[in-house]
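Engineer: Sharing a sequence plus its predicted fold:
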Amino acid sequence: MTSAAPGLDPESHQREALERIAAAPNEGSLEELRVEFLGRKAALSEALSRLGSLPPDQRREKGATLNRVKAALQQGLDVRREALRSAGGGTLAAAEAIDLTFPGRSPRRGHPHPVMRVWREMEDIFRGLGYDVARGPEVDNDYYTFEALNMPAGHPARDGFDTFFTAVDGAGTDDTTETRVLLRPHTSPMQIRYMETHQAPIRVMIPGKAYRRDNDATHVPMFHQVEGLVVDEGITVADLKGTLEYFARAMFGDRRRIRLRPDHFPFTEPSLEVHVSCMQCDGSGCVLCRHSGWIEILGAGMVHPNVLRYGGMDPERYTGFAFGCGIDRVAMLKYGIDDLRSLFENDVRMIGQF
Ligand code: DAH
């Protein structure tokens, strides 16, 4: 240690020390230099401690010089330490070290909601059969929702739709079937709207939201339906059955079968309930199908002549079939979800599973 000589030359000592500090390769060696230059046994410290033995006038001058050197070295050490730290080098504590080879955190990828997945799958299936895909208004009126679907005012079947009526359209307007505004309780009004604007042959599926005053494990106030409508010359129940069997297999697997049971809807005659063989037990009976081997998946039927007439089609020439299927219900069956409400609570722990 050359600088430890009693006759310490402040200038050369400072220069030499600052050069070595600036070249320190890491924080460990920097700490060694701090001890060497500013520690208790450092030449500078010893020179400072000897100041007391000097005559007062020399003491002041020498003291100021030595303290300037000390401050310069301190600053040099601080600057070098900062530089080493921000360069990420040096001997950082293990916990602080940055491992540039460590794999990054991949961002979480989302996916479509199970209801949207089934919605799109249904569109794909029917597009594959040559169907048009149409959308219609969620806010509709009494005429399209009931009247033109063969449910005139006072028809008892209207009660079953638990409709949200909003208002009579326009102040001072008469309360008529056209002005009575509501949230559609089913997608069937689109049968009429579509027939009004299209010619036969018609093959259309209309997915969308519908609304009812309902709320329990199998009903929510906003839900999703697909309406299907086929109108042409010579359409029969055999077309309906073949189409819906194809749909059931495309959606739930090749092993599925369907069966038809009589039902009643004012807008179809005859009306049918379509059941699919249970996708969980393959028809042998389980909790899901309530030990019957069959699960109801949709309502359907041959379009009522009055409905064809309301849609502007001649029932003497054309026949057709229609169906209405709950998208949420299909999603529940497909993914084994037992509470419909859980689909709409937006809990990613639930939705992320599918
Ligand atoms: N609109 C009926 C409902 O929401 C479902 C339905 C049944 C639609 C039979 C149809 C049909 O097109 O033919 O309950």
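Structural biologist: Done, it's in.

Engineer: rest of the way, CA atoms for contacts and neighbours
Structural biologist: OK.

Engineer: Show me the contact partners of the helix or strand harbouring Leu298.
Structural biologist: For Leu298, the enclosing helix or strand under DSSP states H and E is strand 294-303. Applying CA atoms under 8 Å, 6 or more residues apart in numbering, the set of residues contacting strand 294-303 from outside is 236-237, 240, 263, 267-278, 283, 289, 319-326, 329-330.

Engineer: Can you name the residues of the stretch 251-354 of the chain that neighbour the ligand?
Structural biologist: Neighbours of the ligand within the stretch 251-354 of the chain, by CA under 6 Å from any ligand atom: Thr268, Gly299, Ala300, Gly301, Ala322, Phe323, Gly324.

Engineer: Let me have these in JSON lines, adding neighbour count as columns.
Structural biologist: Below are those laid out as JSON lines (neighbours: other CA atoms under 10 Å):
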{"residue": "Thr268", "neighbour count": "24"}
{"residue": "Gly299", "neighbour count": "23"}
{"residue": "Ala300", "neighbour count": "30"}
{"residue": "Gly301", "neighbour count": "27"}
{"residue": "Ala322", "neighbour count": "24"}
{"residue": "Phe323", "neighbour count": "24"}
{"residue": "Gly324", "neighbour count": "21"}
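
Engineer: can I get the residues you listed in a markdown table with pLDDT and distance to Gly39?
Structural biologist: Shown next, in a markdown table, are these (pLDDT from 0 to 100; distance: CA to CA, whole Å):
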| residue | pLDDT | distance to Gly39 |
| --- | --- | --- |
| Thr268 | 98 | 99 |
| Gly299 | 98 | 91 |
| Ala300 | 98 | 94 |
| Gly301 | 98 | 97 |
| Ala322 | 98 | 94 |
| Phe323 | 98 | 91 |
| Gly324 | 98 | 88 |
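
Engineer: So, low pLDDT: which residues of this structure?
Structural biologist: Scanning the chain for pLDDT under 70 picks out 1-7, 88-96, 167-173.

Engineer: now the residue of it most remote from its centre: how far from the ligand?
Structural biologist: In terms of distance from the mean C-alpha position of the chain, Pro55 ranks first, at 82.9 Å (CA atoms, centre = their mean). For Pro55, the distance to the ligand (CA to the nearest ligand atom, to the nearest Å) stands at 109 Å.

Engineer: same question, Ile192
Structural biologist: Separation of Ile192 from the ligand (CA to the nearest ligand atom): 11 Å.

Engineer: Let me see the contact set for the closest residue to that residue other than its chain neighbours.
Structural biologist: Nearest non-adjacent residue to Ile192, counting by CA to CA, 6 or more residues apart in numbering: Gly311, 4.9 Å away. By CA under 8 Å, 6+ apart, Gly311 lies in contact with Ala148, Gln191, Ile192, Arg193, Tyr194, Met195, Glu196.

Engineer: As JSON lines, those residues with neighbour count and secondary structure would be great.
Structural biologist: Shown next, in JSON lines, are the contacts of Gly311 (neighbours: other CA atoms under 10 Å; DSSP: H, G, I helix; E, B strand; the rest coil):
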{"residue": "Ala148", "neighbour count": "22", "secondary structure": "helix"}
{"residue": "Gln191", "neighbour count": "27", "secondary structure": "helix"}
{"residue": "Ile192", "neighbour count": "21", "secondary structure": "helix"}
{"residue": "Arg193", "neighbour count": "16", "secondary structure": "helix"}
{"residue": "Tyr194", "neighbour count": "18", "secondary structure": "helix"}
{"residue": "Met195", "neighbour count": "20", "secondary structure": "helix"}
{"residue": "Glu196", "neighbour count": "14", "secondary structure": "helix"}
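
Engineer: coming back round to it: of the contacts of strand 294-303, buried ones?
Structural biologist: Buried members of these, counted by 16 or more other CA atoms under 10 Å: 240, 267-278, 283, 289, 319-326, 329-330.

Engineer: mind listing which of those are in strands?
Structural biologist: Here DSSP state E is the test, and the buried ones among the contacts of strand 294-303 give 268-277, 319-326 as lying in strands.

Engineer: any idea which of the contacts of Gly311 is the one closest to the ligand?
Structural biologist: Checking those against the ligand by CA to the nearest ligand atom gives Gln191 as the nearest, at 7.7 Å.

Engineer: Please report the distance of that closest one from Glu123.
Structural biologist: Going from Gln191 to Glu123 by CA to CA, to the nearest Å gives 17 Å.

Engineer: What of Tyr211?
Structural biologist: Tyr211 is 21 Å from Glu123, by CA to CA.

Engineer: and stretch 307-321, how far from the chain's centre?
Structural biologist: Distance, stretch centre to chain centre, for stretch 307-321: 42 Å (CA atoms, centre = their mean, to the nearest Å).

Engineer: Could you list the buried residues of it?
Structural biologist: Going by neighbour count (16+ other CA under 10 Å), the buried part of stretch 307-321 is Val307, Leu308, Tyr310, Gly311, Met313, Pro315, Tyr318, Thr319, Gly320, Phe321.

Engineer: Name the nearest of these relative to the ligand.
Structural biologist: Among the buried residues of stretch 307-321, and counting by CA to the nearest ligand atom, the member closest to the ligand is Phe321, at 6.8 Å.

Engineer: Glu138 versus the residue lying closest to Lys209 once chain neighbours are set aside, what's the distance?
Structural biologist: With sequence-adjacent residues excluded and distances taken as CA to CA, 6+ apart, Lys209 is closest to His224, at 4.5 Å. Distance of His224 to Glu138, given as CA to CA: 11 Å.
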